[in-house]
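1. Show me how the following folds:
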Amino acid sequence: AILCAGNLAAATLSEFIDLTYTTMFAAAEDAESIAWVERRQGEERLFVARGPDFDRREVVVLAGDTGDTIRSIVLSPNGRWLAYQRGPEPAPNGRVPNPASLLKPLVDGMWLVDLGNDTAPVMVAEGGGSTQFDPQSDRMAFLKSGAIWTTNPDQPQVSSELFIDRGSVAEFAWSPDGEALAFVTSRRTSSHVGVFRFDSDRIAWLATGTGRDSSIAWSPDGSEIALLRTPGSAYTEPFRVMQGDPFEVWKVDVESGASKLLHADPQRHAFRQAGLPLRWLADGRVLFLSDADGFSHLYAVDSDTAELQQMTKGSFEVESFVVDQTGQTIAIESNRADVNRRDIATWRVGQPSFQRASAANSVAVEPAFVGNTGKIACRSASETRAPAPILVAADGSGVEHELSAVRHMEMYRTPETVSFSASDGMQITGTLFP
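-> Predicted coordinates for the structure are as follows:
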């Protein structure tokens, strides 16, 4: 990068340090509710806002730069409950930072706030991790020590382990009716998908094999589950950086256990976008990301005919995507409009192509549909504003609503992308701050 510092003389070091920025946010699936975390000089504050006005309300304050941090936040579908993981982030060497030299160690745990009654946060479980509410917002499930635990949000101090498994649960997903949980259990060289039902006395295992299954997704009617399958290997084996990770997309009938291969990469060298789940459209197609053509793009495969369609094409990368509650609209995060930025674009069934939803002069990431409002929440930054939560219209009308009190810094400069040749002839791309 190339920096011309003389033009930034108006800004002082204290002004840079004093900036407030947003680290994460979450949106409710069935309500006009969002939550986000702001950080300033080591302190963190958790806010919520409800439509139609979306006036922000502070619900949690972590005062002082103590090493305590909010690491994840989840809203229940109806927007009443807010769960968050709070605790110190371990250093790479496994030690827990203590910048304030506290005598009492910080505790890592899962907390719950009843936003409907405006009550104080309650710790649900020490060591609790990834959390999901059931579609009816009546139950809350979370991971703890490699197992799934559940609790009633009205009685969060009472929780129980659902079942005992030989492996370690890596992910889980509620069924659309809230009466079952699909999960992935990791073993030494493989991982498997199981289904726990509250009205059954045993686990149902789906399409077990020697590979590693992940990224489970229930069909809209709850009759099938889509999953990604990669070759089995021990976690101690080196990652195939140059070769990539071949993958397959499967669907499994939950009742009968019958499975069907929907897609396998024909060249067997595409890199699976690990950590990004599959999603179903209302018409029965399954969405996934693959860089089979050299760029990370969105694909859809028909769950009946296995017909494959590439949804995005071009010299850009799709980094994430989400689908709204109706299964009719997709939002993607990519650099399709400007290779040096990130933008949010949407596509609705029947549209010929994606259309940009975020502003042209911004960097917008992490889209999330806000209920059925036709709005998308995302984190957005510009040359004069640190990352902050905003609402954008899913129809691409360009209407934006800033939710945070993050101030604009007019002394900042708009960077320009420049290209030049190195001494060996290689083309270099840099950033110029005029």
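2. State the pLDDT value of I17.
-> Residue-level confidence at I17 comes out at 73, pLDDT.
3. Shouldn't E15 be within a strand?
-> No. Applying DSSP: H, G, I helix; E, B strand; the rest coil, one finds E15 to be helix, outside a strand.
4. Verify the stated contact: it with M409.
-> Yes. With the criterion set as CB atoms under 8 Å, E15 and M409 qualify as a contacting pair; they are 7.2 Å apart. Bear in mind the C-beta positions are built from the backbone N, C-alpha and C, glycine included.
5. Comparing the two, which shows the higher neighbour count?
-> Legend: neighbour count by other CB atoms under 10 Å for E15 and M409, higher for M409 (16 against 11).
6. Count the neighbours of the residue nearest to the more buried one when sequence neighbours are not counted for me.
-> Distances taken as CB to CB, 6 or more residues apart in numbering place T384 nearest to M409, at 5.3 Å, with adjacent residues excluded. Residue crowding around T384 was assessed by other CB under 10 Å; the count is 14.
7. cool, the one 4 residues further on as well?
-> Taking other CB under 10 Å as the criterion, the count of residues near A388 is 23.
8. and what of D424?
-> By other CB under 10 Å, the burial measure for D424, its neighbour count, is 5.
9. which element is it on?
-> Secondary structure here is read from DSSP states H and E; on that basis D424 sits in neither a helix nor a strand.
10. any idea how far T151 is from it?
-> D424 sits at a distance of 61 Å from T151 (criterion: CB to CB, to the nearest Å).
11. Please apply the same query to G232.
-> Counting by CB to CB, the gap between G232 and T151 amounts to 34 Å.
12. for the chain, which spans come out with low pLDDT?
-> 1-11, 13, 16, 234-245, 266-276, 407-408, 410-412, 434 (pLDDT under 70).
13. Now do the residue nearest to the spatial centre of the chain against L261, distance only.
-> With distances taken as CA atoms, centre = their mean, the residue of the chain nearest its centroid is E366 (6.9 Å). The spacing between E366 and L261, counted by CB to CB, is 32 Å.
14. S233 too?
-> The gap separating S233 from L261 is 20 Å, by CB to CB.
15. again, but for E44
-> The spacing between E44 and L261, counted by CB to CB, is 45 Å.
16. E366 contacts I376, correct?
-> No. Contact criterion CB under 8 Å: E366 and I376 do not qualify, at 10.1 Å.
17. G232 and T151: which is more packed in?
-> T151 (20 against 15).
18. who's in contact with the more buried one?
-> Neighbouring residues of T151 by CB atoms under 8 Å, 6 or more residues apart in numbering: V124, A125, R139, M140, F142, V158, S159, S160.
19. which residues touch the closest residue to it other than its chain neighbours?
-> Taking CB to CB, 6+ apart, and ignoring the residues beside it in sequence, T151 has S159 as its nearest neighbour in space, at 3.9 Å. Under the criterion of CB under 8 Å, 6+ apart, the neighbours of S159 are V124, A125, W149, T150, T151.
20. Is S159 in a helix, a strand, or coil?
-> S159 carries the three-state label strand when classified by three-state DSSP.
21. quick one: it from S76, how far?
-> Here the criterion is CB to CB. By it, S159 lies 16 Å from S76.
22. Same drill for E44 and L261, tell me which one is more crowded.
-> Set side by side, E44 and L261 give different neighbour counts by other CB under 10 Å, the larger being at E44 (19 against 12).
23. in what helix or strand does that one lie?
-> Assigned by DSSP H and E, E44 falls within strand 43-50.
24. Touching that strand from outside, list them.
-> Contacts with strand 43-50, where a contact means CB under 8 Å, 6+ apart, come from 23, 31-38, 55-65, 68-70, 73, 79, 82, 84, 115, 403-404.
25. try 7 Å this time
-> Contacts with strand 43-50, where a contact means CB atoms under 7 Å, 6 or more residues apart in numbering, come from 32-38, 55-65, 69-70, 73, 79, 82, 84, 115, 403.
26. For L228, which non-adjacent residue is spatially closest?
-> Sequence neighbours aside, S215 is the residue nearest to L228 in space, at 4.2 Å (criterion: CB to CB, 6+ apart).
27. what about that neighbour, how many neighbours?
-> In terms of burial, S215 registers 24 neighbours under the definition other CB under 10 Å.
28. And S404, by the same measure?
-> S404 has 22 neighbours, counted by other CB under 10 Å.
29. Which helix or strand contains the nearest residue to it once chain neighbours are set aside?
-> Distance criterion CB to CB, 6+ apart; nearest residue to S404, sequence neighbours excluded, is A388 at 3.9 Å. According to DSSP H and E, A388 maps onto strand 385-393.
30. From the chain's centroid, how far away is that strand?
-> The chain centroid and the centroid of strand 385-393 are separated by 16 Å under CA atoms, centre = their mean, to the nearest Å.
31. Show me what the following helix or strand past that strand is packed up against.
-> Past strand 385-393, further along toward the C-terminus, the next helix or strand under DSSP H and E is strand 400-402. Counting contacts by 3 or more CB pairs under 7 Å, 6 or more residues apart in numbering; DSSP states H and E, strand 400-402 packs against strand 385-393.
32. Next, the angle from the strand it packs on to strand 43-50.
-> Angle, strand 385-393 to strand 43-50, by axes from the mean of the first three to the mean of the last three CA atoms, to 10 degrees: 10 degrees.
33. What lies in contact with strand 385-393?
-> Outside strand 385-393, the residues within contact range by CB under 7 Å, 6+ apart are 19-22, 25, 34, 36, 54, 344, 357-358, 370, 374-381, 399-404, 406, 408.
34. Apply 8 Å and report the result again.
-> Contact partners of strand 385-393, identified using CB under 8 Å, 6+ apart, comprise 19-23, 25, 34, 36, 54, 344, 357-359, 364, 370, 374-381, 398-404, 406-409.
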